[in-house]
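Trainee: below: sequence and its predicted model.
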Amino acid sequence: MKTSLITLSACLVLAGGAFSEDYTRTETLTFTLSQGDDVEIYNINGDIILEESGASDLELTYVISCDDLETLDHINVEFDTGDGLECSVEYDDDWDDFGDNSVDFTVYVPAGTELGYEIAFVNGNIVLSGGSGASRLELVNGDISVEGFEGDLVTSLVNGNIELSGSSGLKKAELVSGSINCELSSILNDIELDAVSGDVNLDLLTSARVVVETISGEIAISSDYNATVEENYVGRSSEFGDGEFTVVINTISGNVSVKD
């Protein structure tokens with residue numbers, strides 16, 4: 001399954017000046033993966049970009065950035081290739097003075113290889129462009145952006161915005177505080193879009209049955225659908241359209257917009 005782990009480059013760059021001081025450590029590695037393998041990456045502070053490439057192996061680069069050299073020595077990125085690829089950012093147990101630090105990832109994933117992605121970050125941004133298989137993205141504080149991913153997709157975010165397009169396998173997007181902006185040009189399964197203290201904006205470019213429920217929010221639907229919005233003692237609702245699959249939208253303290 002995992003037949004090679006090649007360190008392409010590793011460097012330590014120290015830079016300081018009158019205006020800023022930044023200490024970084026960068027490493028790039030490649031991993032040979034098989035169809036259906038899992039790719040799991042866990043981090044506290046930092047961004048991650050995953051892009052499809054024409055290479056046959058997965059290439060991962062991480063950059064550790066700190067505001068002092070001592071902290072840099074206490075942050076490590078660890079890998080486990082026993083069953084797919086698991087990557088996690090670890091902090092020494094006896095070190096608690098981190099200041100400002102981050103670990104940013106850039107991952108090039110092989111086109112045509114279906115992988116199971118699980119990305120869980122606390123602070124930062126997640127960008128997934130292309131790729132195939134199944135993906136679960138979880139984030140607290142930041143933005144999630146997915147474009148052109150082929151396969152099952154589930155996203156979860158607290159504080160930020162979710163941008164989704166060109167991902168027909170989307171199953172669920174859930175949000176607390178922020179917005180979900182979703183463009184659907186094709187649908188392969190039922191979809192659920194849930195928001196608390198957030199808005200849901202859906203560009204529906206294909207046929208589907210749409211069910212909307214909102215508490216303390218407004219519903220705006222394109223006139224092309226000839227949909228009606230009903231009010232009751234708990235909020236507003238609407239149901240319209242037809243198609244093989246259903247898009248269910250639920251909000252609490254958030255507005256819903258559907259256009260074609």
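Mentor: Nice, I can see it.

Trainee: flag the shaky bits of the chain, pLDDT-wise.
Mentor: 1-21, 95, 97-99 (pLDDT under 70).

Trainee: in it, which spans are helices?
Mentor: Counting by DSSP state H, one finds helices in the chain at the ranges 69-72.

Trainee: any idea how far the closest residue to L188 other than its chain neighbours is from C182?
Mentor: Nearest residue to L188, sequence neighbours excluded (CB to CB, 6 or more residues apart in numbering): S168, at 4.8 Å. Where C-beta positions appear, they are placed from N, C-alpha and C, glycine not excepted. Distance from S168 to C182, counting by CB to CB, to the nearest Å: 12 Å.

Trainee: of the two, who's got more company?
Mentor: Set S168 next to C182 and count neighbours by other CB atoms under 10 Å: C182 wins out with 23 against 17.

Trainee: how many residues are close by D67?
Mentor: When neighbours are defined as other CB under 10 Å, D67 has 14 of them.

Trainee: I'd like to know how far it sits from T24.
Mentor: In terms of CB to CB, D67 sits 11 Å off from T24.

Trainee: same question, D37
Mentor: As defined by CB to CB, D37 lies at a distance of 29 Å from T24.

Trainee: neighbour count winner among those two?
Mentor: Each of D37 and T24 has its neighbours counted (other CB under 10 Å); D37 has more, 20 against 16.

Trainee: just give the nearest non-adjacent residue to that one, would you?
Mentor: In this structure, D37 finds its nearest non-sequential neighbour in G84, 4.0 Å apart by CB to CB, 6+ apart.

Trainee: related to what we said a few turns ago, need the contact list for the residue nearest to L188.
Mentor: E150, L184, S185, S186, I187, L188 (CB atoms under 8 Å, 6 or more residues apart in numbering).

Trainee: excluding chain neighbours, what is closest to the second one?
Mentor: Residue nearest to L184 in three dimensions, not counting chain neighbours: L204, with 5.6 Å by CB to CB, 6+ apart.

Trainee: contacting residues around the residue nearest to L33 when sequence neighbours are not counted?
Mentor: Ranked by CB to CB, 6+ apart and with sequence neighbours excluded, the top spatial neighbour of L33 is L58, at 5.5 Å. L58 sits next to T30, F31, T32, L33, V39, L85, V107, Y108, V109, P110, L115 when contact means CB under 8 Å, 6+ apart.
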